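Q: dropping a prediction and its sequence here:
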Amino acid sequence: MTEKVNANSFTKESDILFLHGYLSSGSSFFRQLDYFGRDFSVFAPDLKGFGTNSLMEKPYTLDNYIEEVEEYKYKNSLYKPHIIAHSFGGRIAIKACAKNKDFCNRLVLTGSAGLKTKPTLKKKFKKSLFNLLKKFIPREKLSIFYSKDYLAVNDVMKESFKLITSEVLDEYLPYIDCKTLIINGEKDFETPVYTAKKLNQGIKNSQLILIKDAGHFCFIDKPNKFNVEVREFLLS
């Protein structure tokens with residue numbers, strides 16, 4: 001469940017906890033673990049339903065995932081680690097940091113999901129067409145209208161997905177006090193640049209960095225740029 005690299009720890013603040021995205025795992029940060037392992041002790045667990053922790057007995061809410069992360073921190077003696085959170089992991093971090101000032105030391109959000117987004121014309125059209133067709137066609141035959149993430153999981157995870165994505169987290173941003181770095185790919189179409197700017201505007205103690213020629217997984221697309229910027233932020 002955990003990928004960990006030990007460094008010569010000098011304070012409790014030398015721990016980093018990575019929180020991965022949906023349909024991903026801790027190993028998605030493979031380009032970061034060795035790099036940050038030089039200065040920090042790094043932890044990259046597979047969250048419930050993903051990777052080696054795939055068995056989910058009941059649908060998880062966002063709060064259930066926060067509880068899971070808090071339990072993981074306790075078991076691994078992680079008091080206020082730095083947190084680097086991607087996409088779905090960002091949902092967890094945003095709500096957790098707003099509710100608990102001791103959840104982390106410094107926060108890095110990359111391609112973070114959870115904010116209210118602007119519906120595109122394509123999405124508006126698909127929604128209108130879906131609402132029309134569902135009156136005549138069984139929902140299970142309308143799979144073309146569902147997201148790839150939703151279609152890729154089992155029934156329990158589908159219920160969990162709906163519970164998680166139904167939460168809009170904009171209202172939590174003003175309650176985040178920790179120093180925060182928002183780092184996004186300029187070509188991120190999953191969580192577009194305007195949502196990164198909303199995070200920057202909503203989190204009072206934050207800064208924004210955009211990486212050229214990088215998408216939703218900017219830490220994989222441009223690992224050197226990502227790693228250097230994040231390291232400078234954490235050690236500054």
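A: Structure received.

Q: is residue 18 in a helix, a strand, or coil?
A: The local conformation at residue 18, judged by DSSP: H, G, I helix; E, B strand; the rest coil, is strand.

Q: leaving out sequence neighbours, find the closest residue to it.
A: Counting by CB to CB, 6 or more residues apart in numbering, residue 44 is the residue found nearest to residue 18 once chain neighbours are left out, at 4.2 Å. (Each C-beta comes from the backbone N, C-alpha and C, glycine too.)

Q: the one you found is in contact with residue 33, isn't it?
A: Yes: counting by CB atoms under 8 Å, residue 33 is a contact partner of residue 44 at 6.2 Å.

Q: which one of the two is surrounded by more residues?
A: residue 44 (24 against 19; other CB atoms under 10 Å).

Q: separation between that one and residue 171?
A: To residue 171, residue 44 is 29 Å away according to CB to CB, to the nearest Å.

Q: same question for residue 193.
A: Taking CB to CB, one finds residue 193 at 21 Å from residue 171.

Q: out of those two, which sits in the more crowded spot?
A: Shown here are residue 193 and residue 171; by other CB under 10 Å, residue 193 has more neighbours (15 against 10).

Q: which ones are touching residue 49?
A: 55-56, 60, 153, 157, 160 (CB atoms under 8 Å, 6 or more residues apart in numbering).

Q: where does confidence bottom out across those?
A: Within these, pLDDT reaches its minimum at residue 153, with 63.
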